[in-house]
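In: this is a predicted model, with the sequence first.
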Amino acid sequence: MTGPAAELLALAIDPDTPSEMLTMRPTGKIKFEGLRRGKRSTWAQELVFVFSVLKQLQKERPLPKGYGTHPPNVRDAAIAEACDECGLERTRGYEIWHQYNNPTKPRRAEIRRNKRLKQSSGK
């Protein structure tokens with residue numbers, strides 16, 4: 001890149017650098033920031049959690065063919081062990097498991113938050 005566009009870019013990156021074109025002034029400033037802003041992504045951790053629960057369920061008691069779901073006590077034990085393994089709170093573990101089993105249904109926390117928003121906007 002050469003010419004006035006290159007000079008404008010150079011001045012935007014570092015306005016203190018002397019310009020080759022004497023009349024050229026910076027028209028903007030570029031600020032370089034890290035990519036890690038905001039909430040971090042948790043999809044990989046959630047995926048590891050789900051596979052850990054599935055592994056625990058398969059190890060504990062394989063399902064016979066045609067049987068739909070594991071009994072609640074076996075499922076709860078598998079979720080608890082996977083939460084301990086992944087370092088998650090139990091409530092977060094249940095939210096992830098619910099989302100895995102019902103991908104189109106909203107999580108309970110989202111339902112509660114939506115109810116609170118409706119109540120607060122209705123006042």
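Out: Thanks, I have it.
In: give me the low-pLDDT residue ranges for the chain?
Out: Where the chain drops to pLDDT under 70, the residues are 34-40, 61-70, 105-111, 122-123.
In: which strands and helices sit next to the lengthiest helix in it?
Out: Longest helix in the chain by number of residues, with DSSP state H as the criterion: helix 43-60. Helices and strands in packing contact with helix 43-60 are listed as helix 72-86, helix 90-101; criterion 3 or more C-beta pairs under 8 Å, 6 or more residues apart in numbering; DSSP states H and E. Placement of C-beta: from N, CA and C, glycine included.
In: and residue 20, helix, strand or coil?
Out: coil (DSSP: H, G, I helix; E, B strand; the rest coil).
In: what's the local residue count around the nearest residue to it once chain neighbours are set aside?
Out: The shortest distance from residue 20 to any non-neighbouring residue, by C-beta to C-beta, 6 or more residues apart in numbering, is to residue 7 (6.6 Å). The criterion is other C-beta atoms under 10 Å. On that basis, residue 7 has 17 neighbouring residues.
In: reformat the helices and strands packed on helix 43-60 as CSV; add mean neighbour count.
Out: Formatted as CSV, the entries for those read as follows, by neighbours: other C-beta atoms under 10 Å:
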stretch, mean neighbour count
helix 72-86, 16
helix 90-101, 17
